[in-house]
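Undergrad: Got a predicted model here, sequence first, then my questions.
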Amino acid sequence: MPSPVISATGLWTPPNSISNEELVESYNAWAAMWNIENAAEIQSGLLEPKQPSSVEFIEKASGIKARYVIDKGGVLDPGIMAPRIDERPNEQISIMAEMGVHAARDALKRAGREAKDVDAVICAASNMQRAYPAMAIEIQDALGIEGFAFDMNVACSSATFGIQTAADFIRSGNARSVLVVNPEICSGHLNFTDRDSHFIFGDVATAVLVEAEEFAPARHWKILGTKLKTQFSNNIRNNFGFLNRADPDGIGAPDKLFVQEGRKVFKEVVPMVAEMITAHLAELSLQPAELRRMWLHQANANMNRLISSKVLGHEASEAESPTVLDTYANTSSAGSIIAFHLHSDDIAAGQKGLICSFGAGYSAGTVVVERAG
Ligand code: COA
């Protein structure tokens, strides 16, 4: 049976970044306007006034200092509070596919691979720009790849679920080279008028090239094992969907965007993920101390501190569990892949690490890797 490996990863970062200061200034301007517009209802006790957001809270509660976005102007305009991303004609590549192509090209270049060598494309992301044709098929077409392509959505765990799916294609002999592409336009599902979550997300695209070991470049990452888990929860939810056109609340209602019970998510997901990592390592006869690095999902720095403490028995150093939250914020499925992409060059042959995702569903995935070559 062919062994799957990661040949390379790719990253595309939007050119525009928004600092916490800029985001809070725009939220507070919007909240002040809202309070003026609703002054009578606030006065009569029918509505609660909007409280200001704060830079200090955001950094302390999440570790986030900035985020990259596709459209900075719309997000920061208190009269809009959403990205303005123009629809493109059908003849032009869509924005999500375009981001994915950038990340995919980066991965292919790093692997010394040409598009014609790839057999399949999986677009694994938490939101798809449209129902069909699949984003993955558009990416496949733009890259000039033969074979097959499809989309999959497992929220923040889309990338690890995509990696296991690709690895299974390799093991079964159905493909030799699979591109897993994760374009995440999280600003599109974020409610920038919700003080509890307006700071959480950013936009980015990553790609992971999963290949059969005998076909891969000499320097690669062996996949020692993958594990996936899901457990239903309403604590992270987005009700946007194709049936909403008949919804009297209409598209754009708060529940048609990202909503969460952040505290409950924190409490429930931390033990679930820590137990999953520990069990997966035991199954592979590995001690936690044998992990040179953990590239954890990037949702919240405090959450990652707690998970790493439970797994390692001590709080992880930046070298043991790097964070990219400060510059990228939460980029859903792409977060752990960005951390892996940016913080793995120093890992020597034979050293091991863990890529781990978790998020809505709930869903969680672990990928244990070993540097080769
Ligand atoms: N600015 C200032 N204060 C704020 C604020 C903001 N933007 N947002 C909330 N607050 C206030 C709250 O109103 C609350 O005030 P109170 O104590 O007077 O009631 C206080 O800060 C604490 O709020 P809380 O929501 O309990 O904060 P928290 O410490 O739980 O942090 C999250 C919030 C969302 C950062 C945190 O719960 C989290 O990261 N959860 C997991 C999220 C996650 O991983 N989601 C997955 C997404 S894919």
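TA: Thanks, I have it.

Undergrad: could you pull out the helices for the chain?
TA: Secondary structure of the chain, counting by DSSP state H: helices at 20-37, 39-43, 55-62, 72-76, 95-111, 135-143, 158-172, 262-283, 301-312, 325-328, 335-342.

Undergrad: Report the contact partners of residue 55.
TA: Residue 55 sits next to 20, 21, 24 when contact means C-beta atoms under 8 Å, 6 or more residues apart in numbering. Heads up, the C-betas are built off the backbone N, CA and C, glycines and all.

Undergrad: Excluding chain neighbours, give the residue nearest to it in space.
TA: residue 20 (4.5 Å; C-beta to C-beta, 6 or more residues apart in numbering).

Undergrad: Check the gap between that neighbour and residue 326 for me.
TA: Note on residue 20: its distance to residue 326, by C-beta to C-beta, to the nearest Å, is 10 Å.

Undergrad: So if I had to pick from the two, which one is more boxed in?
TA: Shown here are residue 20 and residue 326; by other C-beta atoms under 10 Å, residue 20 has more neighbours (22 against 16).

Undergrad: which ones are touching residue 148?
TA: Residues in contact with residue 148, defined by C-beta under 8 Å, 6+ apart, are 119, 120, 121, 140.

Undergrad: quick one: which of those residues sit in strands?
TA: Taking DSSP state E as the definition of strands, the contacts of residue 148 contribute 120, 121.

Undergrad: can you pick the most crowded of the contacts of residue 148?
TA: Using other C-beta under 10 Å as the neighbour criterion, residue 121 leads the contacts of residue 148 with 31 neighbours.

Undergrad: low pLDDT regions in the stretch 201-350 of the chain?
TA: Confidence mapping of the stretch 201-350 of the chain against pLDDT under 70 gives the ranges 246-252.

Undergrad: what does the stretch 51-200 of the chain put close to the ligand?
TA: Contact residues, the stretch 51-200 of the chain versus the ligand (C-beta under 6 Å from any ligand atom): 53, 54, 57, 58, 61, 62, 156, 195, 196.

Undergrad: that older thread, could you double-check that the residue nearest to residue 55 lies in contact with residue 63?
TA: No. Using C-beta atoms under 8 Å as the test, residue 20 is too far from residue 63 to be in contact (11.0 Å).

Undergrad: pLDDT of stretch 167-187, averaged?
TA: The average pLDDT for stretch 167-187 rounds to 98.

Undergrad: Only the buried residues of that stretch, if you could.
TA: Along stretch 167-187, these residues count as buried under the neighbour rule (16 or more other C-beta atoms under 10 Å): 167, 169-170, 175-187.

Undergrad: do stretch 106-119 as well
TA: For stretch 106-119, the neighbour count (16+ other C-beta under 10 Å) marks 106, 107, 108, 110, 111, 113, 115, 118, 119 as buried.

Undergrad: same question, stretch 66-80
TA: Using 16+ other C-beta under 10 Å as the test for burial, stretch 66-80 gives 66, 67, 68, 69, 70, 71, 72, 74, 75, 76, 77, 78.

Undergrad: May I see the contacts of residue 148 arranged in CSV, with pLDDT as well?
TA: Below are the contacts of residue 148 laid out as CSV (pLDDT from 0 to 100):
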residue, pLDDT
119, 97
120, 98
121, 98
140, 98
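
Undergrad: tell me the contacts of residue 122?
TA: If a contact means C-beta under 8 Å, 6+ apart, then residue 122 has 136, 149, 150, 151, 152, 162, 165, 166, 178, 179, 180, 181 as its contacts.

Undergrad: How about the fifth one, nearest residue that isn't a chain neighbour?
TA: The shortest distance from residue 152 to any residue that is not its chain neighbour, by C-beta to C-beta, 6+ apart, is 5.0 Å, and that residue is residue 124.

Undergrad: The one you found against residue 155, yeah?
TA: No. The criterion here is C-beta under 8 Å, and residue 124 misses it with residue 155 at 10.3 Å.
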